[in-house]
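1. No sequence on hand, only this structure:
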């Protein structure tokens, strides 16, 4: 099957995703588009199980396959659960929507917060794992993995900022290449295992790590002695780590409207294929790792070790590594679509700043992309580009959103009570229960390893969403015209504070006269001699506008002006008096020249910024040099 | 003498410097006020000579006293030269003024640039040396010297920012304490030397350094082997390093008007006292260092070693260290008066931004203080709080300004040709020649050690001053009313862009009606259905102001608005049309709420910022929650 698909999509004419916004996706293209996130996690999930089990010594590694089987079973339950969501929400059933509609606003926000954290972690973990695939093939690059990771995020973010549209080819090539190469790896490995052609890998493995620089410490010997005692808790932690294999499974249920008709049916079929391929690759790799007695090391991924063992450091080995890196980068890229879309949904519901609300406006998109890229890059830096260190943070968010989505579906069936609702409720109920328990398992077993950050962050984000929402509601209330009696009558005075008489001032006075026949110029006297010279100039250039001279015993320009405005507004009686302060302001020719001007204007603006019934207007005077 | 003065100023009623702005300073108080900078340099000058000579081995240290004698002779010449400046410029003869008046604007600016660099370095070097005095007494503090230095600068800067006026006591106590303790140190040391009661110090010295943490390497053994070959160049470098003893000598000539009458006479007498005390302390300390065979180490100052050797780690030793630290911090503090004053002079002459021009205004002072503090702190950080590393940058600027000041005086006498002008010209000529040669010596011998930074920075600063000056001249020219025919007639249109109708919009429309009876509201239609609803609201709340509806096929709000303004301004014919754009804008209750609003207003403002004949006015609508 893989070779056929590879040919079909590498050679055949690809369908650009930009068109897909108008045309619909076939199942094969949709699999490439939506499955990269889920499938890519097989690149690290097996290894993460082994990394936990090894703490109890190499003997404990034998448990990996049973952990993987448990995860695969969970995966099937979740996949079946999501089939139902696809049919129930053909317009796109993201966890946020399903939870909000069925369970209420707060569960919806919890799902949204979990998903947002999940998007950031998908970028960080996928890029870290993608870089690990590269540094496994080229160990000399290992010391630069943080730089590589951040650069990678920057490239993806800039690509998205520039509005590069992903075409079908960009998705299809890496996804099917990955399915093909990993499929070949698993198949070849299992056949050779069946034929008894297996050499334990551990010795070979130590070699590349020790040839590296002095800072590198080989993590393993042929037999690893237990660092911790074996326990059920450890197995649960291994299970929790392996659950990262399931991240990205919800992607298809979000994108049902992108499928060709009948959308829900095609989406459900594609979803089954995705789950099937995911389960096969994950189980196959775990079995293989066990068969070849792979012991995880720091400087090479388990997949790379298996590839080397089976194919040597030849072309096919490098093809596996390239396919792994590519699909992982692709997985990161999908978050750059998902995160801004979710932010936009939250914004439409007034839970996030309005800047995220409008799609299609380039500026608005930028906000979500920049924020996602920045947080993911920070994670890469903070965790030194180490996939293994990031894993405990991952999966918690994913499973919270799984649980809420399934629980929402339970409520959905209970409300609707359509044909076979009990049966459907039972399926989603089982899904909700299982994923709920797994969420707890993940949160507890990985709590001290980093999951606490997410456990803390989710309520903080929910509070932020609610605060934003409350603010928008209060503003709407304050601006509402319902029951509004109209604005009270006002009177108007225009003042032009001047420090000198020059062309800029003349232009400002001319403008002030347009605004009001009552306009006055105001001069704060600090030196009586200067006042006389100014008054003479004013006779010639004042255009008949009266000049008010305020004295300032302490050389402050601001205080007398503010007192004068107070005085004007006090004598208003019944009617409010609005004072417009017209400020002559240069617009210098070059940016640095701003530093040399406008200090008094700035001071006045600052002092008047929050005063009621005072409006400040700059009259720009453009300088040519 | 010292004990008398100490009693007089510690016990007697001190004269606050804040009063000194009205009252005049006696010679004794003036010595305390103006000499701290110059005298404080004896705390490190000797050591800097030794640090250079030691590079040729401990035997070369014997040359230190001859280097010191040469510097003392130079000091006397410069002191005599400055006597003449004091008499010639009784209103204050800073290098900038003397050079500008006599030699022209560019030499004046070179002097100003050198002085500004000098002020920054005075702060950095004095604080670094003051911290060294503290860490010598308390070696455990040595690792925190950068933090201590930056904190020290911050405290001085904040003190000056808050406008704390230095009182006579603040100056008098440390200055006379320093003269007394250093005098006692030199006297005791020389007497014991004369009595033959001298033990070489080097062994004792190594001890505290080696007791420190592992990162500390003792710099010395009893006999230091040469790291470099002995040469005339090295002696010149030692001389150049020792010339830092002369920094601050110009202080009195800047401050003549602060003295009691007869000002010039009293200033000259005080200046002689200062030079005398400086020469005695500097020569005495150098002689002592040689007598006690002090070899400089990294973690303790030479003064501290001498103090320990003569008095043990007793009360008097700690008093010496305290006096050293205090006078050095005081020296740093004087720059916080000098730098803003020089900046203000430059600003009055339009060579520096106007913000520096006005004295007495707190904000204006702040600029100079903040800039000085920031640059000095950066130096402390960049040079890791190491006096020794900063020294090569110091003194270049000081000697450039010495040279220009003396050269200016030569020109002064040649122009004036008063009684005995030839003799006076000769004195200042000798001073100019000597300091000029020394400037070259310092620049060349320390060029690669850091002096190149200053050699580069002086012309850059001069260029900046000139650029600022040219800009102000151009602006004055463009604003001049001479030959100005008055502004052309204008017509006026007021527009209120609206996106919705609410109380804020109603307030803005009411205001726009005040500005012009021709005011119009403008709505950019992105959805025809919304337009109909808006038009209905407008009938009720539009106050008779016409509503212009612009269509936008591409959902952009900005483009149709800009095109409409273009269209209005095109149809103007002969008369310019000024368009006032009135923007309804919320003023949120809390700062973070700004992030949630005003995006469209900001966009419109940004797009209109540099358009001619368009004036943007915000009508604030204050939100209560």
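-> Sure, I can see it. Everything quoted here is computed from the prediction, not taken from an experiment. Numbers count the residues shown, from 1 in each chain, chains lettered A, B, ... in the order given.
2. Would you mind giving the secondary structure of residue A:352?
-> At residue A:352 the chain is in coil, as set by DSSP: H, G, I helix; E, B strand; the rest coil.
3. Now it: closest residue in space that isn't a chain neighbour?
-> residue A:346 (3.9 Å; Cβ to Cβ, 6 or more residues apart in numbering or on different chains). Heads up, the C-betas are built off the backbone N, CA and C, glycines and all.
4. That neighbour contacts residue A:465, correct?
-> Yes. Using Cβ atoms under 8 Å, residue A:346 is in contact with residue A:465, at 6.6 Å.
5. joint contacts of the two?
-> Counting by Cβ atoms under 8 Å, 6 or more residues apart in numbering or on different chains, the shared contacts of residue A:346 and residue A:465 are A:112, A:352.
6. For the closest residue to residue A:599 other than its chain neighbours, report the pLDDT, please.
-> Distances taken as Cβ to Cβ, 6+ apart place residue B:355 nearest to residue A:599, at 5.5 Å, with adjacent residues excluded. For residue B:355, the model assigns a pLDDT of 79.
7. Could you identify the longest strand within chain A?
-> strand A:576-587 (DSSP state E).
8. Quick one: check that one for contact with chain B.
-> Yes. Using Cβ under 8 Å from any Cβ of the partner chain, strand A:576-587 reaches chain B at A:578, A:580, A:586, A:587.
9. Compare those residues and tell me which has the most neighbours.
-> residue A:580 (23 neighbours; other Cβ atoms under 10 Å in any protein chain shown).
10. Burial check on the residue of the stretch 301-450 of chain A found nearest chain B, number of neighbours?
-> Residue of the stretch 301-450 of chain A nearest chain B, by Cβ to the nearest Cβ: residue A:353 (4.9 Å). Neighbour count of residue A:353, defined by other Cβ under 10 Å: 19.
11. correct me, but it touches residue A:468?
-> Yes. Contact status for residue A:353 versus residue A:468: in contact at 6.6 Å, counting by Cβ under 8 Å.
12. The residue nearest to residue A:352: neighbour count?
-> Neighbours of residue A:346 under the rule other Cβ under 10 Å: 24.
13. Residue A:473 now?
-> 12.
14. The residue of the stretch 301-450 of chain A closest to chain B - nearest residue in space that isn't next to it in sequence?
-> Residue A:353's closest residue in space is residue B:596 (Cβ to Cβ, 6+ apart), at 4.9 Å.
15. contacting residues around the one you found?
-> Residue B:596 touches A:353, A:354, A:468, A:471, A:472, B:588, counting by Cβ under 8 Å, 6+ apart.
16. check which helix or strand covers the third one.
-> Right, the one you point to is residue A:468. helix A:451-479 (DSSP states H and E).
17. Now look at that helix and say if it contacts chain B.
-> Yes. Contact check for helix A:451-479 against chain B, using Cβ under 8 Å from any Cβ: residues in range are A:468, A:471, A:472, A:474, A:475, A:478, A:479.
18. strands paired with the first helix or strand past that helix going along the chain, and their directions?
-> For helix A:451-479, the succeeding helix or strand toward the C-terminus, using DSSP H and E, is strand A:490-498. Using DSSP bridges, the strands paired with strand A:490-498 in its sheet are strand A:520-525 (parallel), strand A:576-587 (parallel).
19. Make a markdown table from these and add distance to residue B:41 and mean pLDDT to it.
-> Output for these, formatted as a markdown table (distance: least, Cβ to Cβ, whole Å; pLDDT from 0 to 100):
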| stretch | distance to residue B:41 | mean pLDDT |
| --- | --- | --- |
| strand A:520-525 | 45 | 92 |
| strand A:576-587 | 45 | 89 |
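20. now the ones you listed as CSV including distance to residue A:388?
-> What follows is the strands paired with strand A:490-498, written out as CSV (distance: least, Cβ to Cβ, whole Å):
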stretch, distance to residue A:388
strand A:520-525, 68
strand A:576-587, 56
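21. Excluding chain neighbours, what is closest to residue A:98?
-> residue A:408 is the one closest to residue A:98 (Cβ to Cβ, 6+ apart), at 4.0 Å.
22. name the element that neighbour belongs to?
-> Short version: residue A:408 belongs to helix A:396-416, going by DSSP H and E.
23. so where is the stretch 151-300 of chain A shaky, pLDDT-wise?
-> Along the stretch 151-300 of chain A, segments meeting pLDDT under 70 span A:162-170, A:199-228.
24. Sorry, slip of the keys, the one I care about is the stretch 451-600 of chain A.
-> A:553-555, A:571-573, A:598.
25. Could you point out which of the strands paired with strand A:490-498 sits nearest residue B:158?
-> Residue B:158 sits nearest to strand A:520-525 of all these, at 30.0 Å, using Cβ to Cβ.
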